[in-house]
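Trainee: how would this look folded up:
(2 chains)
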Amino acid sequence: MRLHLINLRSLYVLMPNSAPSQPLSLLDTANHLQRIRHTCAHILAMAVQRLFPNAKVTLGPWTETGFFYDFDCPTPFTPGDLERIEAEMRQIIQADLPIIQETVDRAAIKAEIEQLNEPYKLEILASIPEDAAITRYFIGCPDSGWTNHPEVEPSLTHPVAIPPQLCWWDLCAGPHLARTGQINPQAVALESVAGAYWRGDETKAQLQRIYGTAWETPEQLQAYLQQKEEAKRRDHRKLGQELKLFSIEEQAGGGLVFWHPKGARIRRVIEDYWRQAHTAAGYELLFTPHLANLELWKTSGHFDFYRDGMFDAIDVEEQAYQLKPMNCPFHVLTYQHDLHSYREFPLRWAELGTVYRYERSGTLHGLMRVRGFTQDDAHIFCLPDQVAAEILGVLNLTETILSDFGFQDYEVNLSTRPEKSVGGNEIWQLATAALIEALETKGWPYLTDEGGGAFYGPKIDIKIRDAIGRLWQCSTIQVDFNLPERFGMEYVAADGSRQRPIMIHRAIFGSLERFFGILIENYAGLFPLWLAPVQVRLLPVSDKQRDYAEQLAQQLKQQGFRAEVDQSGDRLGKTIRTAELEKIPVIAVIGNRELESEMLSVRTRAEGELGSLTLQALIKKMQDAIAHRSLI
RNA sequence: GCCGGUGUAGCUCAGUGGUAGAGCACCUAACUCGUAAUUAGGGGGUCGUGCGUUCAAAUCGCAUCACCGGCUCCA
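Mentor: Below is the predicted model of the structure:
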């Protein structure tokens, strides 16, 4: 997942991205942890400049888990450098230097920065509004006569001893701690170095960003590191490999997903469930091509607006054809084939549509960011006064589906009109009001992202919270004024006139690939019984019980279970170990005792050994677990 | 795409200029076994790819592809 850590647009308004309406008050004394982190960023910058006098400082804010600082440094920082920088930071912390705020005069500080040759700081200074107060923060005592870039001989082999009168400063709005010694050096760690662009703009200079984490106590640091380990343990790329769910093949190209038999079984369960749920909610299901004449994409506007995300066109008998990056124009064409009456509305058309988008190589990431994926897409064509009810219907269906996959905690965003957009103000207001009405009827709290909508209409995005608290964006509901206009869509109204329908785009999983990745991580590979690729494995104690085990497996399969017999010929202990490592929910041992008693010795992933059960009792137990979508 | 890192057997990894290794997996044989690894043997790699340096390259250089950590992007 990408964590949006902070807003970098202005050094003077530091705010967590998750709560954009609550900037950190400069007078806020309660945010001790943020002060720790912000001060750590300064200490990091000070340490780096002491060890690497050529490094230019830029800026370094606090984040949700720590801090970072971006440097322009001609030599790349190595992992070994990080260790030395961290050691230097500890020295600065342990020297317990005072941190002193000073309000400065613009012209005077400008001259001072110029003298220090810190071009990025000059740019920051220039971006501070004329009427704003300008402050700097010293680490160490400003009266000591020492200043940045001290004449201390820097050393790359060992930390530089900190003279007590040392001083370093950074242009900054604060807030900070009063002394470096208020930081627990055992609760701070540097994490990684990465590339970053100055001002987040890829046309500007590439900087080196050093990430660190900082907490109030060593225990909190340990807890954070454990959480990171847990996320690593659940990584869908690792589990996907171990559980033989999917792969991405270098020979085929990056970002193209191969669903292996076990992953494909899960996908089929998901798709079957999805089709059933949509049919029940009044949707029709469509199938459309993967490719179409490029003219279609010119008509839709995608060629103008999103060409960068499309693969190059394919020449077909001197006509340009385009691999589809979206399904919507195909649904519009399907609509256009017939003349529609208002009496048919709302029309709800859904498709598991596979789209292909050009994503830059560096952005590809397992199942989360790919170049070919299947959207659980749908388009609703309706009358203006049906929009709010349709949106509400989508919210209800979304809740039903997501909660059946174990997601009950959502964060909802409403995104309004962006600068670059189409359509009249009136219709934007109408659509936005319909989205709000639906959200309020549903009773879901939401955050508003002003200007975050699509160019063609406002949208609702729903993020789900997973088992370890991470948020994932999946569902999206968008009102579209653009496509009906561009394609000249019409319906016949009650008075016989031709009118333009409203179009709603929506996806609940978003992409099947991505949702599968989220499921793997959410369940840590321990899929609930209804999703498990192998639900029950029968383990014959020796070859003598193999035929009997096969008969039982056959009966289970006839009841619709995904059942199989261990064919390895290994000893019992090994077959159990194998089944456990494969995270199979139910295993049943078949030995002579079971053969004679016609029972099964059952062991489940959640409950351990259950003792002897009849086949009927096991079937009942599994049917219950499937009905409740539980782990068993 | 950009910055940095990585690429050796199906998987996880060792191997710093001189005849490619281990564990697991796979195959074969023996054992016919009771709740997380039976024993023995065997097969398997143009060391991501290409070009170069060298008497000699997994090892050094350049290019390229893929992946990893980020940035940027994400209709």
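
Trainee: residue boundaries of the strands in the stretch 451-600 of chain A?
Mentor: Ranges of strands in the stretch 451-600 of chain A, per DSSP state E, counting those that start in this stretch, are A:459-465, A:471-480, A:491-492, A:498-499, A:502-511, A:536-540, A:563-565, A:586-590, A:600-604.

Trainee: dump the following helix or strand past the last one to CSV, keeping only the CA atoms.
Mentor: Towards the C-terminus, the helix or strand next in line after strand A:600-604, according to DSSP states H and E, is strand A:608-613. Only the C-alpha atoms of strand A:608-613 are listed here, as CSV (Å, rounded to 0.1, in the frame of the first residue of the first chain):
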residue,chain,number,x,y,z
GLY,A,608,-6.9,-28.4,15.8
GLU,A,609,-7.7,-32.1,16.4
LEU,A,610,-11.4,-32.8,16.6
GLY,A,611,-11.3,-36.6,17.0
SER,A,612,-13.5,-39.0,15.0
LEU,A,613,-16.4,-37.7,12.9
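
Trainee: for strand A:608-613, what does the pLDDT average out to?
Mentor: The pLDDT scores in strand A:608-613 average 91.

Trainee: cool, and stretch A:62-73?
Mentor: For stretch A:62-73, the per-residue pLDDT averages 91.

Trainee: quick check: end-to-end length of it?
Mentor: End-to-end span of stretch A:62-73 (Cα to Cα, to the nearest Å): 21 Å.

Trainee: same question for stretch A:449-463.
Mentor: 14 Å.

Trainee: and that stretch, does that touch RNA strand B?
Mentor: Yes - Stretch A:449-463 reaches RNA strand B (Cβ under 7 Å from any atom of the strand) through A:Ala454. For the C-beta atoms, the positions are set from N, CA and C on the backbone; glycine is no exception.

Trainee: tell me which residues of that stretch are tucked away?
Mentor: A:449, A:452-463 (16 or more other Cβ atoms under 10 Å).

Trainee: need those residues in TSV with pLDDT and distance to A:Ala281, can you?
Mentor: Listed next are the buried residues of stretch A:449-463 as TSV, based on pLDDT from 0 to 100; distance: Cβ to Cβ, whole Å:
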residue	pLDDT	distance to A:Ala281
A:Asp449	88	27
A:Gly452	85	27
A:Gly453	87	25
A:Ala454	83	24
A:Phe455	79	28
A:Tyr456	85	24
A:Gly457	89	22
A:Pro458	93	23
A:Lys459	94	20
A:Ile460	95	17
A:Asp461	94	20
A:Ile462	95	16
A:Lys463	94	22
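
Trainee: what's the closest of those to A:Gln551?
Mentor: A:Ile462 (47.1 Å; Cβ to Cβ).

Trainee: could you find the closest non-adjacent residue to that closest one?
Mentor: Excluding the flanking residues, the one nearest A:Ile462 by Cβ to Cβ, 6 or more residues apart in numbering is A:Ser475, at 4.0 Å.

Trainee: so what's that neighbour up against?
Mentor: For A:Ser475, the contact set (Cβ atoms under 8 Å, 6 or more residues apart in numbering) comprises A:Thr398, A:Leu402, A:Asp461, A:Ile462, A:Ile464, A:Arg506, A:Ala507, A:Ile508, A:Phe509, A:Gly510.

Trainee: touching, A:Trp297 and A:Phe303? I think so.
Mentor: Yes - A:Trp297 is within contact range of A:Phe303, at 4.4 Å (criterion: Cβ atoms under 8 Å).

Trainee: more crowded one of those two?
Mentor: Legend: neighbour count by other Cβ atoms under 10 Å for A:Trp297 and A:Phe303, higher for A:Trp297 (24 against 17).

Trainee: need the contact list for the residue in the stretch 301-450 of chain A that RNA strand B sits nearest to.
Mentor: As assessed by Cβ to the nearest atom of the strand, RNA strand B sits closest to A:Gly309 within the stretch 301-450 of chain A, at 1.6 Å. By Cβ under 8 Å, 6+ apart, the contact list for A:Gly309 reads A:Pro325, A:Arg357, A:Tyr358, A:Glu359.

Trainee: most neighbours of all those, which one?
Mentor: Neighbour max across the contacts of A:Gly309 (other Cβ under 10 Å) = A:Arg357, 19 neighbours.

Trainee: any idea how far A:Arg267 is from that one?
Mentor: 20 Å (Cβ to Cβ, to the nearest Å).

Trainee: what sits up against stretch A:479-486?
Mentor: The contact list for stretch A:479-486 (Cβ under 8 Å, 6+ apart) reads A:299-301, A:328-329, A:332, A:387, A:422-423, A:427-428, A:431, A:434-435, A:454-459, A:489, A:500-505.

Trainee: thinking again about what came up before, the residue of the stretch 301-450 of chain A closest to RNA strand B - nearest residue in space that isn't next to it in sequence?
Mentor: Of all residues not flanking A:Gly309 in the chain, A:Arg357 sits nearest, at 5.0 Å (Cβ to Cβ, 6+ apart).

Trainee: could I get the buried residue list for stretch A:574-590?
Mentor: Buried, per 16+ other Cβ under 10 Å, within stretch A:574-590: A:575-576, A:578-579, A:582-590.

Trainee: check stretch A:198-218 too.
Mentor: Residues of stretch A:198-218 classed as buried by neighbour count (16+ other Cβ under 10 Å): A:Trp198, A:Arg199, A:Leu207, A:Gln208, A:Arg209, A:Ile210, A:Tyr211, A:Gly212, A:Thr213, A:Ala214, A:Trp215.

Trainee: now tabulate the residues you listed in TSV and tack on distance to RNA strand B.
Mentor: What follows is these, written out as TSV (distance: Cβ to the nearest atom of the strand, whole Å):
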residue	distance to RNA strand B
A:Trp198	9
A:Arg199	8
A:Leu207	8
A:Gln208	6
A:Arg209	5
A:Ile210	10
A:Tyr211	7
A:Gly212	12
A:Thr213	12
A:Ala214	17
A:Trp215	18
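
Trainee: let's have those in TSV, adding distance to A:Phe287, pLDDT and secondary structure.
Mentor: Output for those, formatted as TSV (distance: Cβ to Cβ, whole Å; pLDDT from 0 to 100; DSSP: H, G, I helix; E, B strand; the rest coil):
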residue	distance to A:Phe287	pLDDT	secondary structure
A:Trp198	48	91	helix
A:Arg199	46	88	helix
A:Leu207	48	91	strand
A:Gln208	49	92	strand
A:Arg209	46	93	strand
A:Ile210	50	93	strand
A:Tyr211	46	93	strand
A:Gly212	51	93	strand
A:Thr213	49	93	strand
A:Ala214	53	93	strand
A:Trp215	53	92	coil
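
Trainee: and which of the residues you listed is nearest A:His260?
Mentor: A:Tyr211 (34.6 Å).

Trainee: and the residue of the stretch 451-600 of chain A nearest RNA strand B?
Mentor: A:Gly591 (2.1 Å).

Trainee: quick revisit: any idea how far A:Pro218 is from the residue nearest to A:Ile462?
Mentor: A:Ser475 is 40 Å from A:Pro218, by Cβ to Cβ.

Trainee: again with A:Gly510
Mentor: 39 Å.

Trainee: do the same with A:Thr604
Mentor: Distance from A:Thr604 to A:Pro218, by Cβ to Cβ: 39 Å.

Trainee: and what of A:Leu383?
Mentor: 62 Å.

Trainee: secondary structure element for A:His379, which one?
Mentor: With DSSP H and E as the test, A:His379 turns up in strand A:372-382.

Trainee: now A:Val193
Mentor: strand A:188-197.

Trainee: what about the nearest residue to A:Arg465 once chain neighbours are set aside, how many neighbours?
Mentor: Nearest residue to A:Arg465 in three dimensions, chain neighbours excluded: A:Asp409, at 3.8 Å (Cβ to Cβ, 6+ apart). Neighbourhood size, A:Asp409 [other Cβ under 10 Å]: 12.

Trainee: mind checking pLDDT for A:Val104?
Mentor: Confidence for A:Val104, expressed as pLDDT, is 88.

Trainee: wait, I meant A:Ser127
Mentor: pLDDT, read off for A:Ser127, is 87.

Trainee: residues near it, how many?
Mentor: Neighbours of A:Ser127 (other Cβ under 10 Å): 12.
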